Every structure is written in C-alpha cells, then in structure tokens.
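**Q** please work out how this folds:
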Amino acid sequence: MQKPTIMRQILQTLVILLTLSISSLNAQTYNAYYNTVVSNVSSSNILTDLTAFENFGVKDVGSTALGNAQNWIKTRYQNLGYTNIVEQPFSYGGNTTNNIIITKTGSVYPNTYLIIDAHYDTINGTGTNDNGSGTVLIMELARLLKNVNTEYSIKFIHFSGEEDGLIGSNYYVNNTVIPDNLDISLVFNIDEVGGVNGLINNTIVCENDQDNTPSSNNAASAASTTIMANCFGFYSNLNTEISYAYSSDYVPFENNGEIITGLYEKNETPHAHTSSDTLANMDVNYLFEVTKGALGTALEFAVALNTLDVTTFNSKSDISFYPNPSTGKFNIKLKDSITENLEIVVLDVLGKIVYKAKINSQTETIDLSFLNSGIYLATLKNDKTRVTKKIVIQ
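**A** Numbering: from 1, shown residues only. Here you go, the predicted model:
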C-alpha cells in the first residue's frame, strides 16, 4: 500500500469538497434529463448479452473462453464508436490475460476520471451472475453514455484475474494509476448484481469504504455512496441498503487512497463459483433495475449535461478568475454573456459556504480578503450552467 502524500491528501480533500458542494449547492434532486437517458436502458439487450456471456463457457485465465469474451467486449465498444480502447496484458501462473480499458473524454475536466469497473473472468462455471451481470451492465451504460456530454471523463474498465485474487485491478493500480498519477474522482465497482431467481429481489447493497488503511478516503466514500443510494431512489424501483466494501476490484484503489463505492446484490446467490451460476438462476428484471440505478449514478457523478438546452462554460477558455492565487480580490471574466440568474458560491475545505453573491455582468470583482489563507472552491451556477474552479488565497 502506498502512503498518501500531503499533496494527495489535499487533492482528496478537494474531491470531498467538490462532492459536498455539488450536493449542497444543488440539493441533489431528480433530474428529468437523466431519467430520459435512463428510460432507454434495454432489458432485451441485457438478456441477449447475458446469454452471449454464458455461451462462452468457463472464463478462467488462460482459457479460450476468456479470450473470446475479451474479443467480444472489445468489439462491442468498437461497434459503439469508442476509439480509445486499450488492452493491458499481464501474466501470472504461466498465462497471459488482459484488462480492457475504454475512455470517454469529458468536456470540462478531461484529465479527471470516473472509473466504472467490473471483472469479466469466472471460476468453476460460466459466471453469468458473477460477473456477467456487472460486465453487461457496464456495456449497457457505455452504450447510453456514448453521446452524452459529461464534464468528467469516464473509464469503463473490464478487469481480468479478479477471481484469482484481484490480480488485474492490482496490476492496473500499480502500473497505471500510481506511475501516471491518475486523477480519479471516484471508483464505481459492479460485482454480482443479478439477483436470485425465485426470491423477491427488491434491494441493492450500496457499498462504502469502512477500512482504516488508510481512513482518509472514508468520509468521501460515505458521501458518494449516499449520493448513489439517492440515485437509485430517483431512477429505479429498488430499495437500498448501505454496507461495507470488501473482496472486489475496488480494494486496490481503496488501498491506494482513492475514493470508492460499489454495488452488490442483497440476496446473495448460492450459485457463485459453481456450474449452476447460470442465467436460469438469476433475476434479469432485477439486473434491469440495477442497471437503471447505476446509469443514473454515472450521470450524476460524471455530471452529464443536456446539450439540447444547457449552455456550459468551457472552464479553460470561457471563464477566468484572476489573479489566482490572490490576496483576496479576484476578477471574474466571462467570455459569453450568460449572466441571467447567475450567482457565485464559495466553499471552504469543510464544505461550508463562506461567500455568496449575484453576478450581473461579464466582468465582476469579488473581495474575499476577509477569509483566511487557503484553498477554496468557487462555483458559478444558474439553472443552465455550472462550473467550479479552485481558487487560492495567499
């Protein structure tokens, strides 16, 4: 486990603050545009993909079945129009396998990533629930998010080697996340969410980080998981239960100090890791509802924008705060004349609102010299626009 640096802890604090600011400034509510996207989740797609996943057979590492599943996943993203597709090979036990990483670039924060992940390897059986359910859920999310404008970038990651000890996700963290200093806003893990045929499957378990090694990411994980649970209330018919994260591909990220959340079925299947983990023993309608809630969650965390009726600032060119850092006085300059009902809200590192004012013109000056030196988040927002920038008072 890598000990978080001071800079990393500062960045984590900012992510926590941004999460809290989104909730407090917008009082997380049902979003009609998000629901329009969610309404396009296809139960027939889910059934077709589960059937295909099952038909590949037992997908353990080194098998032809796993290689065929890998090619199927890759081809699906190519057919959806994704071009940033990376197969990351790694070897163990005398076999080589691949993580599959697909990147969708955000329009405002292209270098900050929401990771949505699931493993696609299986053990002792076809693993149609564990983890065909997570695999097809992510592919359905990727289909519906392809042409959605999101502020944050998204990485859809299909890990291999999970069943042998989280080997693929450990490899990715050690060989990509750490050396590249990847800026991750949240890791959203999907594992075994297919339910049990014959039972009443009406609850999804939303998992948060309760581990203390480290503990610095726990508060943000809890906040993110609460937001996710709210999204399931808005966009699915499932109840939610909060529990702790364990033994899945978010763990290497968690140990590296990243903020994580995850989904797991409430009625835990007795068929996992056996030859009876098949479609016949699942509840496909339950997975359909989980997919809807997961898509609403992804739209929330990636900050999806309706390009038909929402005008947004480009954070680099359309709005500027200067000088930054400053002794307290900041000039705000807007490239576009989007000032109707526009306000600025400034939050401190505890998420407390320390300043709020209306913005009435394209050039304004605000005086924050009464605040202590430190890092703050300034958010400009109205009904159709929101952009958040870090500002520093010296």
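**Q** enumerate every residue touching Glu87.
**A** 70, 74, 98-101 (C-beta atoms under 8 Å, 6 or more residues apart in numbering). Just so you know, the C-beta spots here come from the backbone N, C-alpha and C atoms, and that holds for glycine as well.
**Q** so what sits opposite it in the bridge?
**A** On the basis of DSSP bridges, Glu87 is bridged to Ile100.
**Q** so that it lines up with my notes, have the first residue be 103 from now on.
**A** With 103 as the first residue, the last one maps to Glu189.
**Q** which of the contacts of Glu189 sits closest to Arg245?
**A** For those, the minimum distance to Arg245 (C-beta to C-beta) is 14.7 Å, reached by Lys176.
**Q** helix, strand or coil for the closest one?
**A** helix (DSSP: H, G, I helix; E, B strand; the rest coil).
**Q** that one contacts Ile202, correct?
**A** Yes. Here Lys176 reaches Ile202: they are 6.0 Å apart, a contact under C-beta atoms under 8 Å.
**Q** those two: which is more packed in?
**A** Ile202 (21 against 18; other C-beta atoms under 10 Å).
**Q** which residues of the stretch 303-452 of the chain score low on pLDDT?
**A** Applying pLDDT under 70 to the stretch 303-452 of the chain flags residues 409-419, 438-441, 451-452.
**Q** helices of that one, start to end?
**A** With helices called from DSSP state H, counting those that start in this stretch, the stretch 303-452 of the chain shows them at 320-337, 353-357, 386-404.
**Q** tell me where the stretch 253-402 of the chain has strands.
**A** 254-261, 285-292, 305-310, 341-346, 362-367 (DSSP state E, counting those that start in this stretch).
**Q** export the ones you listed to a markdown table and append columns for distance to Lys454 and mean neighbour count.
**A** Shown next, in a markdown table, are these (distance: least, C-beta to C-beta, whole Å; neighbours: other C-beta atoms under 10 Å):
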| stretch | distance to Lys454 | mean neighbour count |
| --- | --- | --- |
| strand 254-261 | 24 | 24 |
| strand 285-292 | 21 | 24 |
| strand 305-310 | 23 | 22 |
| strand 341-346 | 25 | 14 |
| strand 362-367 | 24 | 27 |
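**Q** out of these, which gets nearest to Met241?
**A** Using C-beta to C-beta, the strands of the stretch 253-402 of the chain put strand 254-261 closest to Met241, at 8.0 Å.
**Q** closest one to Arg245 among the strands of the stretch 253-402 of the chain?
**A** Going by C-beta to C-beta, the one of those nearest Arg245 is strand 254-261, 10.5 Å.
**Q** ok, how many other residues are close to Tyr424?
**A** Using other C-beta under 10 Å: Tyr424 sits among 10 other residues.
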